[in-house]
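S.K.: here is a sequence together with a model predicted from it:
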Amino acid sequence: MIVVMETSATDAQVEATVQRVESMGLKANVIVGTERTVVAAIGDKREHFKESIESSAGVSAVVPIAAPYKMASREVQHHASQIRVLDFVAGAGEVGMIAGPCSVENEEQILSTARAVKATGATGLRGGAFKPRTSPYSFQGLKEDGLKMLAAARDETNLAIFTEVMGTDDVDLVARYADVLQVGARNMQNYRLLEAVGAAGKPVLLKRGASATMDEFLLAAEYILNEGNDQVMLCERGIRTFEGHTRFTLPLASVSYLHRKTHLPVIIDPSHGTGHAYMVPDMAVAAAAAGADGLIIEVHPDPSTALSDGYQSLTFDEFEKTMKRCNAVVDALRAVDA
């Protein structure tokens, strides 16, 4: 249920409504909008809830939430959310650019990449220190040493660090170094991990599972939001279909759909969504044209020697050209919408 407060409702009346909601065994989340405040009442439906709350001072109306996901729904929060971390900003008209290698391999590799992507306009640095690989014999990441290298790159460039956390035991460690905790596609429905990253108090980039429906994706985000963490970004990185010409199928219609259904920022990953470096620039530009709130792109100093995902990684020059094209599209859309 959404409890819509009167425009003239006082802070004391809002607090009294929160206490009333919580006394009925529901979780109350206060959302302050530009025109009025609402209180989202989350939990199992309670008998006579509507009648009881509507009679409270300062309450305008009580409206049911139709979507199975509550906190993520546009029904609860009409305005778009915006995530800010250092110089990185995504959502509500701002487009955040995240770039970097699939894996942190050594200090020179991550520092040179950070410098290059920073120089061409990126505001976030991606890089895996813990790598979930299909084969146990593949490179698994440098773990804490890799996290330290990412932190050093941030200290020099002020790029926000995005890196994956794979298990609940690693959350505290990764959170000490990273600015944004990434939950990978394989872990999208690892509900204990979602709760743990939600409780960590850091922004979260949640990747869509390769076979997940949109409702499943948004309900996964709900686990993070339900821990009191409203700093969640959704990442469309492609889904598994019958097609074989790409690594995954990248549905850019996800941007429009998610913007209609949720207030959370939507980030597109054209690297995993295609699996081929030559496709990444065009899909990045298309994502920008579709209105994505950000991009996350794999970039490596020498993709031919990369320890993972070199085939879908851009060189520094290719990334610079891609950024110029994406920025031109974003600027053109802003001019039209102004």
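M.R.: Cool, the structure landed. Predicted, not measured: the structure shown is a model, and the values here were computed from it.

S.K.: only C-alpha atoms from now on, for both contacts and neighbour counts.
M.R.: Noted.

S.K.: low-confidence bits of the stretch 1-150 of the chain, can you list those?
M.R.: 45-47 (pLDDT under 70).

S.K.: so which residues of the stretch 151-300 of the chain form strands?
M.R.: Here the stretch 151-300 of the chain has its strands, by DSSP state E, counting those that start in this stretch, at 160-164, 180-183, 204-207, 232-236, 266-268, 294-298.

S.K.: can you name every helix or strand that the helix or strand harbouring E15 contacts?
M.R.: Assigned by DSSP states H and E, E15 falls within helix 11-23. The contact analysis (3 or more CA pairs under 8 Å, 6 or more residues apart in numbering; DSSP states H and E) places helix 11-23 against strand 27-32, strand 37-42, helix 49-54.

S.K.: other residues contacting the second one?
M.R.: Residues external to strand 37-42 that are found in contact with it (CA atoms under 8 Å, 6 or more residues apart in numbering): 1-7, 14, 17-18, 21, 26-32, 70-71, 76.

S.K.: just checking: what are the partner strands of it?
M.R.: strand 2-5 (antiparallel), strand 27-32 (antiparallel) (DSSP bridges).

S.K.: buried set for that strand?
M.R.: For strand 37-42, a neighbour-count test (16 or more other CA atoms under 10 Å) marks T37, V38, V39, A40, A41, I42 as buried.

S.K.: now do the first one
M.R.: Applying a neighbour-count criterion of 16+ other CA under 10 Å, the buried positions in strand 27-32 are K27, A28, N29, V30.

S.K.: quickly list what the second one is bridged to.
M.R.: With beta bridges defined as DSSP bridges, A28 has these partners: A41.

S.K.: and it, how close does it get to G228?
M.R.: Separation of A28 from G228 (CA to CA, to the nearest Å): 10 Å.

S.K.: which residues does the residue lying closest to R192 once chain neighbours are set aside contact?
M.R.: In space, and not counting its chain neighbours, R192 is closest to T168: 7.1 Å by CA to CA, 6 or more residues apart in numbering. Contact analysis of T168 by CA under 8 Å, 6+ apart lists R192, L193, A196, V197.

S.K.: in TSV: the residues you listed, plus neighbour count.
M.R.: Conversion of those to TSV gives the following (neighbours: other CA atoms under 10 Å):
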residue	neighbour count
R192	14
L193	22
A196	19
V197	28
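
S.K.: of these, closest to Q82?
M.R.: Nearest to Q82, judged by CA to CA, of the contacts of T168 is V197 at 18.7 Å.

S.K.: quick check: L295 touching P265?
M.R.: No: assessed by CA atoms under 8 Å, L295 is found out of contact with P265, at 10.9 Å.

S.K.: which parts of the stretch 1-150 of the chain are helices?
M.R.: 11-23, 49-54, 107-119, 144-157 (DSSP state H, counting those that start in this stretch).
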